[in-house]
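Fold the following and give me the result.
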Amino acid sequence: MWTMPQKVRDTMGISNDSIADDRVFEEAIRISQEKIKEELFIYHHCETIDNSRAGNSWNGNNTTFNTQHYPIMDSNYDYTVDSNDITCKWIDNDYNPQTGTITVSDATLGIITITQTSGNAIPSNADDVMVSYYSCNRNINRKHLENLTTLWAAHLINSMQKSGTSISMADFQKNAMLIMQHPDQWKDKYYDYLNQLIGGRTIRGV
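Model (predicted):
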């Protein structure tokens, strides 16, 4: 997860006694991560690798390549960028699709290592080498994702209200606890924070 239940509690000023079940927060965090990924990440499907920045190509020896867009983002919410966040397909000289093995050397700069599943370099007669991955605005880093997720999770919890400013958790996990909060404060904080990161660009709300 990009954030933890206790960080959401601390941000909202909620004690463990008020909402003891971490699953309430974990569900809010899960939904928040998906929202942020959908709104901020860009998916690149079967993109030919960019060799111009590295000055190399698949020549039977080289294994270091660059993605056309960077940074490569954590797309499975495990707080690290690795081979689970980027895949490779290459086409051999008979036009058959093959799977490549990827190691992420530098996610920030989009530097990756690609080999055949055997560990050998991609052959020089390969027709194409393609990768699929997510990238994002370069101003947004891991800490920003943590903060954004925390704020939106706080908004989701805060929005589960019964009446007025009394917030019920029943819609998440049948919790009976009520929290007193301003109804839109975490949503406002989320978009204020986000707009600062991306230079004032307007992101659609919910």
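
CA only for contacts and neighbour counts going forward, please
OK.

what bits of this structure have low per-residue confidence?
Low-confidence segments of the chain, defined by pLDDT under 70, span residues 50-56, 161-183, 200-206.

if you set the cut-off to 90 instead, what comes out?
For the chain, the stretches with pLDDT under 90 are 13-24, 49-60, 79, 137-140, 157-185, 195-206.

quick check: domain ranges of it?
Domain ranges of the chain: 5-39+140-197, 42-135, per automatic domain parsing.

just how off-centre is the longest one within its chain?
The reference is to domain 42-135. Taking CA atoms, centre = their mean, to the nearest Å, one finds domain 42-135 lying 18 Å from the centre of the chain it belongs to.

can you check the first one too?
When distances are taken as CA atoms, centre = their mean, domain 5-39+140-197 is centred 18 Å away from the chain's centroid.

can you check stretch 133-147 too?
Counting by CA atoms, centre = their mean, stretch 133-147 comes out at 7 Å from the chain centroid.

Okay, buried residues for that stretch please.
Of the residues in stretch 133-147, those buried by neighbour count under the rule 16 or more other CA atoms under 10 Å are 133-136, 145-147.

Only alpha carbons, please: show that stretch as CSV.
Output in CSV follows, covering the C-alpha atoms of stretch 133-147 (Å, rounded to 0.1, in the frame of the first residue of the first chain):
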residue,chain,number,x,y,z
TYR,A,133,4.3,0.2,-18.2
TYR,A,134,2.9,3.2,-16.4
SER,A,135,4.6,6.6,-16.2
CYS,A,136,3.6,9.8,-14.4
ASN,A,137,4.2,13.5,-14.1
ARG,A,138,7.9,13.8,-13.1
ASN,A,139,7.0,16.2,-10.2
ILE,A,140,5.2,13.4,-8.4
ASN,A,141,7.3,11.0,-6.4
ARG,A,142,6.8,8.2,-3.9
LYS,A,143,6.2,10.6,-0.9
HIS,A,144,3.6,12.5,-2.9
LEU,A,145,1.7,9.3,-3.7
GLU,A,146,1.7,8.5,0.0
ASN,A,147,0.3,11.9,0.9
